[in-house]
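[1] With the input below, show me the fold.
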Amino acid sequence: MIDHVWSVLCANCIIDRDSNNLCLIDTIEQFNLPLDVKFPVMIANPLTLVSLWSRSDLEKGAKGRAIIMIHDPTGTSRELAEYEIDLTAHRRFRGRSAFQGIGFKVPGKYLFEIILTNDGRQETKKSVASIPLEIRVTDPEKPD
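    Reported below is the predicted structural model:
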């Protein structure tokens with residue numbers, strides 16, 4: 001089995017070759033858009049959703065799949081990415097999904113949901129994390 005350890009939405013991440021440690025660059029919680037923005041809007045800022053996965057039992061390998069969904073404030077959902085999690089050779093796995101631009105229909109709270117399917121079996125499909133991203137329309141002259 002696979003455990004979800006954490007997930008973070010950021011602008012970029014860098015893996016140090018010597019230590020294999022990960023550096024998250026500019027974690028992202030919200031985007032502030034100007035008052036004259038017209039929706040739907042494409043935000044071209046790079047986004048990377050990074051997740052750390054580990055074996056439930058450190059002595060037993062496992063495989064699964066991660067699915068990344070985005071849910072908007074209107075109730076619409078769509079799949080953004082999917083990738084394999086292979087913990088047969090290693091005890092931990094970092095999943096990185098990079099997006100060069102995402103379209104947003106309305107301002108409000110969007111959720112990036114991470115769904116895990118253990119060993120490729122549909123009956124093990126479960127939501128393991130929900131990362132919020134707020135899209136705000138603000139007047140730059142009047143800070144909160």
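[2] what's the longest strand along the chain in contact with?
    What stands out as the longest strand in the chain, according to DSSP state E, is strand 2-15. Counting by C-beta atoms under 8 Å, 6 or more residues apart in numbering, the neighbours of strand 2-15 from elsewhere in the structure are 21-29, 45-56, 62, 64, 85, 87, 92, 94, 96, 112, 114, 116, 118, 128-129, 131, 133. For every residue, glycine as well, the C-beta is placed using N, CA and C.
[3] packing partners for the helix or strand following that strand?
    Toward the C-terminal end, the helix or strand that comes next after strand 2-15 (DSSP states H and E) is strand 22-27. Judged by 3 or more C-beta pairs under 8 Å, 6 or more residues apart in numbering; DSSP states H and E, strand 22-27 is in contact with strand 2-15.
[4] Note down every partner strand of the strand it packs on and its orientation.
    Strand pairing for strand 2-15, using DSSP bridges, gives strand 22-27 (antiparallel), strand 47-55 (antiparallel).
[5] and those, which is most packed in?
    Neighbour counts (mean count of other C-beta atoms under 10 Å) averaged over each of the strands paired with strand 2-15 peak at strand 47-55, with a mean of 20.
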